[in-house]
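Enquirer: give the three-dimensional model of this entry:
(3 chains)
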Amino acid sequence: MSSTITQALLNGIASGAIYGLIALGLSLQFGVMKIINFAHGSFLMIAMYLALWGCRHLGLHPLAVIPLVMAALYVVGHVTQRWLIEPIYRKEATREPIGVLIFTTGLWIFLDNLFLVLAGPDFQSPPGDWPNEVVMVGDLIFTYPQVAGFIVASAVTLLLVTFLRGTRIGRMIRATGQDREAASVLGIDSAAVYQVSFALGLAVLGVAGSLLLTIVPVDPFIGDSYGIRAFVVVVLGGIGSVGGAFWGGILVGIIESMGAQFMPVTYSEAMIFAIFLGVLYFRPAGLFGLEEA
Amino acid sequence: MRQDRLIGCAAAAVLAVLPLVFDNPYTLSVVILTLLYAYLALSWNIIGGIAGQLSLGHAAYFGIGGYTSTYLFLTYGLSPWLGMLAGAVLASAAAALIGLPCFRLRGAYFALATLAAAVILRVIVENSHELLGGPRGMEVRLLHDAPWYFQHTRKEFYYAVVVALVAVALFANYAVLRSRFGYYLTAIRNDEEAALALGVNARRCKLQAAVLSAALTAVGGTFYAQYVLFISPDKVFGGHLSVQIAVICIIGGRGTLWGPALGALLLLPAEEVARFVTGGAPGAAMMLYGLLLMVVIRFEPRGLIALARRATGCRAAPRAGVEVA
Amino acid sequence: MELLEYRGVAKHFGGLRAIEEVSFHVGEGEIVGLIGPNGAGKTTLFAMASGFQPTTRGEVWFAGRRIDGRPPPEICRLGLARTFQIVRPFGEMSMLDNVMVGAFLRHPDRPRAHDRAVAVLERFGMADRLEQPARTLTLAGRKRLEVAKALATEPRLLLLDEVMAGLTPVETAEMMDLIRTVRRGGTTVLLVEHNMHAVMRLCDRVVVIHHGRKICDSDPATVAADPDVIAAYLGEDED
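Expert: Next up is the predicted model:
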């Protein structure tokens, strides 16, 4: 392998880990509540603006804002689930929760445009030179954010998987995802589980948004492309599978950066969607469809 | 049913005198745009409303309509009236192509798949530099007053055409809702498996609905191209257009006869007002769309039409499924 | 004449053997009961006859045709209609419209389908609330509507999945009358039911399934006295 190809592959893995992290929260929500949250990309955008604000106005290091953004997004998630989604979800009961899908579409449009009004259309990045510093390994060059992003994203994924398997709340979340009725027979309060899993999903998204900001600038519509990509990742990884989302993210990252070597950037976007359609059709359980969350 | 005819006659009367009242070009252009969106929402209603298959990729068919007629006109000098039919046929084919794999998917997956299909199409068009003008789009050659070539300098011409389109779309919805086809689609929306058990070939019904919906939408695309005389991928293939069409229909009342038109009638002028009030701040109008969508789904998932019905007190027990029966 | 026939049917879900090997038939004009302890695989047998699940092994024949593996709408068109254990009304549609969806199968034009649906609802004693939205019905109403929808497709054979579960004694008696009326109208009935009393009174013949196997197939009195059947039901109580 030539070093250009190796470099592209590793770049793909580095950004792919963050894509996986973005998709993780979505997968968790889908796996447990069977809802599609179309506002996911907008929450990512909010996380990025929060991180930007922390860097600019509190003078924090781009990595130091992570706990702050995480906590803020957890609260946002809790409020959204409790006051906005739950009432609609409850009305729909058993079948496809299409009302939630439509509602979150509204939320998506609203939030994106709210930030267009509040923050303006410009692309914005955090101050400081840290994002541009590099590590050299032989012929290969990596930026600090790439390295940090990969490490943090992998660690958070691992933590979440351990949490779902190893703790009582985690097992309750998984049980509810597998069979809501059975779980409620066991005395699990599904509404409470939904709140925790939705909020947890957004907290993870908070980490992802902070990391993403060190790689790409934020604008009000950044969530569109990354949000939809998160859905692709979720489907590739197997809907509801947290571990699968991570590998799906890496796969999308690789396709994107390798594709960029051979064809116009827009084509690799189309290719990702084509693969997405193919997987939906031929392997609805996903490429890494392990029964997990 | 009688009520529907009454509303229809009243609407026709209003539409007939409207251009006499609003004779300044700006107002008339808002009216035309409103009617175009009413037409698109009605077209979407057949698959997205009545059949309940949440398509978020209808811009694909709109784009196919605009691009087909414009391409045929610029390359072969074919009248866009004929190109419009060609676009409808092509869009039907595309709908079948997208539908065949996607209809196996339920609800959310279907929405995502249609969205993805539309993006793929947009990317292909953006990269067809020689054939379709790439990201910069295509201009329709000016012929000035050439009604046989779907062009005119007077806005009233387009107004007449779009009124006719809305009438056609309303009639299509009316005919569907009253027929076995409409009952089957409504049943599929409510519970697909239960419909299968009653002998409903759900896949075929959905496919037919998708094809009809796509063909109508494509005609709207041709109209847009001839009205604006310019098309580009981000204008006619954009995700926002797909979402907007669906949103208007849902807010108005999906699966009903008058809901989609009502949605456009309220939202488009509201958008203009919002633009005026905020001094044209970008985002304000769309913010309104998002907010309205959330409020409607939260408090009246059946849309404004259900509110209107309750307010006017007609029909104590609304038959949300088949309105016109 | 045999209308429906299961020939050595088996169904496995992964490692779980829901149905081991089951053969039985339903003759034209009969009312046959299919009983067995919970989880015996009765609903799975229905699903395989109505096209909602393929068989793992074996065949299902209906009116001289093999039907397992065919799509549900096709089977319905051949004249086999089913109801669902958890009733599935089209909630947003009125009662009349619900039944019309079934009636459209044999009567494509609307006025005819309308008349047929009204006729069915009259037989069910529900003609006085045609316009009521289905989601506002009581459980008994929904169960009846479920049968009415299926009957509107004018089937030769009707599969009823626990249409009496959750009903009061009076409602159960009404439902039993209804099923007898259905048979008098020329439709054969195969029903899954937990209410033993109803099964014994209603059925000409009873088939008992236990742990995915047929353990008995006879007239109600013989079945009630069969030691294997008694053991199967007592065994369930111990669980």
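Enquirer: output stretch C:42-50 as PDB, restricted to C-alpha atoms.
Expert: Output in PDB follows, covering the C-alpha atoms of stretch C:42-50 (Å, rounded to 0.1, in the frame of the first residue of the first chain):
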ATOM      1  CA  LYS C  42     -52.000 -22.600  17.400                       C
ATOM      2  CA  THR C  43     -51.500 -19.100  16.200                       C
ATOM      3  CA  THR C  44     -48.400 -20.200  14.200                       C
ATOM      4  CA  LEU C  45     -50.600 -22.800  12.400                       C
ATOM      5  CA  PHE C  46     -53.000 -20.000  11.400                       C
ATOM      6  CA  ALA C  47     -50.100 -17.900  10.300                       C
ATOM      7  CA  MET C  48     -48.900 -20.600   8.000                       C
ATOM      8  CA  ALA C  49     -52.300 -21.200   6.400                       C
ATOM      9  CA  SER C  50     -52.900 -17.500   5.800                       C
END
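Enquirer: buried set for it?
Expert: Across stretch C:42-50, burial judged by 16 or more other C-beta atoms under 10 Å in any protein chain shown covers C:42-50. Using the backbone N, CA and C atoms, a C-beta is placed for each residue, glycine as well.
Enquirer: any idea of the mean pLDDT in it?
Expert: For stretch C:42-50, the mean per-residue pLDDT is 91.
Enquirer: tell me how far C:Leu105 lies from chain B.
Expert: When distance is defined by C-beta to the nearest C-beta, to the nearest Å, C:Leu105 is 4 Å away from chain B.
Enquirer: and that residue, what does it touch?
Expert: Listed by C-beta atoms under 8 Å, 6 or more residues apart in numbering or on different chains, the contact partners of C:Leu105 are B:198-199, C:76-77, C:152-154.
Enquirer: pretty sure C:Val9 sits in a strand.
Expert: Yes - read with DSSP: H, G, I helix; E, B strand; the rest coil, C:Val9 is one of the residues of a strand.
Enquirer: so it touches C:His25, yeah?
Expert: No - counting by C-beta atoms under 8 Å, C:Val9 sits too far from C:His25 to count as a contact (11.8 Å).
Enquirer: which residue of these two possesses the greater neighbour count?
Expert: In terms of neighbours (other C-beta atoms under 10 Å in any protein chain shown), C:Val9 is the more surrounded of C:Val9 and C:His25; the figures are 25 against 17.
Enquirer: give me the spatial nearest neighbour of that one, chain neighbours excluded.
Expert: C:Gly58 (3.6 Å; C-beta to C-beta, 6 or more residues apart in numbering or on different chains).
Enquirer: may I have the secondary structure class of that neighbour?
Expert: Following three-state DSSP, the label given to C:Gly58 is strand.
Enquirer: looking at it, it is touching C:Tyr6, isn't it?
Expert: Yes - with contacts defined as C-beta under 8 Å, C:Gly58 counts as touching C:Tyr6 at a distance of 7.0 Å.
Enquirer: can you list residues touching both of these two?
Expert: Between them, C:Gly58 and C:Tyr6 share the contacting residues C:22-23, judged by C-beta under 8 Å, 6+ apart.
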